[in-house]
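Trainee: what follows is a predicted structure for the sequence shown.
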Amino acid sequence: MQAQVKWVEDFRFIGLSNSGHSIVMDGNGGASAPSPMEMVLMAAGGCSSVDVVDGMKKAGQKIHGCTAQLSAERRDTAPKLFTQVNIHFVVSGEDLDQEIVARVTADSLEKYCSVCLMLGKGVEMTHSWEIRTE
């Protein structure tokens, strides 16, 4: 895997992925685009959500929606690393099985999500979940 990040102006950068996609980042606290740390947090949410949706479908669940709500705490001093991240999954669908939701969300953080597993080497990673009716 390869990527490139180019400086645009001020503290704005454009990230170019090997797959041909681009995204703007703002190192000025996210003034005009997500900050790099916000991107890391969103990457954890995206990666784990893929696992949850895939796991629910493989388990025969009729999932209609999945939202990962992420919250993080950071050190007060530089480097302002994440110290704790929680991912709260909100899933919706038809007759979802609570035990399957619990297993699939846990498995994502503990077994499958590459981003969460990397973060978990130095960050306390937790998760929670709820089923919402439509």
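Mentor: Structure received. Numbers count the residues shown, from 1 in each chain.

Trainee: any idea how this structure splits into domains?
Mentor: By the record's domain assignment, the chain is partitioned as 1-34, 36-132 (automatic domain parsing).

Trainee: export the ones you listed as JSON lines, with columns for mean neighbour count.
Mentor: In short, each C-beta sits where N, CA and C put it, glycine included. Below are these laid out as JSON lines (neighbours: other Cβ atoms under 10 Å):
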{"stretch": "domain 1-34", "mean neighbour count": "12"}
{"stretch": "domain 36-132", "mean neighbour count": "16"}
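
Trainee: which parts of the protein are helices?
Mentor: 36-58, 98-107, 114-119 (DSSP state H).

Trainee: so for the residue most central in space within the chain, what's the nearest residue that isn't a sequence neighbour?
Mentor: In the chain, the C-alpha nearest the mean C-alpha coordinate belongs to residue 45, at 1.5 Å (Cα atoms, centre = their mean). Residue nearest to residue 45 in three dimensions, not counting chain neighbours: residue 68, with 3.9 Å by Cβ to Cβ, 6 or more residues apart in numbering.

Trainee: on that earlier part again, pretty sure the residue nearest to the centre of the chain is touching residue 66, no?
Mentor: No: counting by Cβ atoms under 8 Å, residue 45 does not reach residue 66; the two are 10.2 Å apart.

Trainee: just to revisit the earlier point, ok, the residue nearest to residue 45 to residue 27 distance?
Mentor: When Cβ to Cβ, to the nearest Å is applied, the distance between residue 68 and residue 27 equals 24 Å.

Trainee: show me what contacts the closest residue in space to residue 98 that isn't next to it in sequence?
Mentor: Spatial nearest neighbour of residue 98, chain neighbours left out: residue 131 (6.7 Å); criterion: Cβ to Cβ, 6+ apart. The contact partners of residue 131, by Cβ atoms under 8 Å, 6 or more residues apart in numbering, come to 91, 92, 93, 96, 98, 101.

Trainee: okay, those in a markdown table with pLDDT next?
Mentor: Below are these laid out as a markdown table (pLDDT from 0 to 100):
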| residue | pLDDT |
| --- | --- |
| 91 | 99 |
| 92 | 98 |
| 93 | 97 |
| 96 | 98 |
| 98 | 98 |
| 101 | 99 |
